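Colleague: build me a model:
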Amino acid sequence: MFGLETLIWLGVTGAASVFGYIKSRQFVRRRLRFVDAVQSPGAPLVVGGVAGLAALPIVAIAPIVGPVAAVVFGVGVGAGVLHGARDVKRLPGG
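Modeller: Okay, here's the model as predicted:
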């Protein structure tokens, strides 16, 4: 059904997306707690786009993963920023 390359691509892309989500959410919660710009509605879009563009040269070198992996990574980072900002709003004193 799936070839070995497809399974490797799914694993690498999924792991990168989950890693980006977790790290960006933690960063927003710890370091950007008092930064008002992170609370704006466009912040996750900007950060996710920049993360996806930054990942493009890396995935261009890798033979199996492609530009879709960079886009999925950017979506993961953007979602992490969004949820981290929501966490800051819900924390006591936030």
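
Colleague: residues in contact with V35?
Modeller: By Cβ atoms under 8 Å, 6 or more residues apart in numbering, the contact list for V35 is empty. Using the backbone N, CA and C atoms, a C-beta is placed for each residue, glycine as well.

Colleague: what's the spacing between it and I61?
Modeller: Taking Cβ to Cβ, to the nearest Å as the measure, V35 and I61 are separated by 33 Å.

Colleague: what's the residue nearest to F27 when sequence neighbours are not counted in contact with, if anything?
Modeller: Among residues not flanking F27 along the chain, G84 sits closest, at 7.1 Å (Cβ to Cβ, 6 or more residues apart in numbering). G84 is in contact with S24, R25, Q26, F27, V28, R29, L32, V38, counting by Cβ under 8 Å, 6+ apart.

Colleague: any chance of a ChimeraX selection covering the buried ones in these?
Modeller: Only the buried members of the contacts of G84 enter the following ChimeraX selection, criterion being 16 or more other Cβ atoms under 10 Å:
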select :24,25,27,28,29,32,38
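
Colleague: among the contacts of G84, which one lies nearest to V12?
Modeller: Set against V12, the nearest of these by Cβ to Cβ is S24 (18.3 Å).

Colleague: by contact count, what packs against the helix or strand where that closest one lies?
Modeller: Under the criterion of DSSP states H and E, S24 resides in helix 4-30. Counting contacts by 3 or more Cβ pairs under 8 Å, 6 or more residues apart in numbering; DSSP states H and E, helix 4-30 packs against helix 43-61, helix 67-90.

Colleague: out of those helices, flag the one nearest G11.
Modeller: Taking those one by one with Cβ to Cβ, helix 67-90 is closest: 10.7 Å.

Colleague: so, low pLDDT: which residues of the chain?
Modeller: The chain contains residues with pLDDT under 70 at 1, 93-94.
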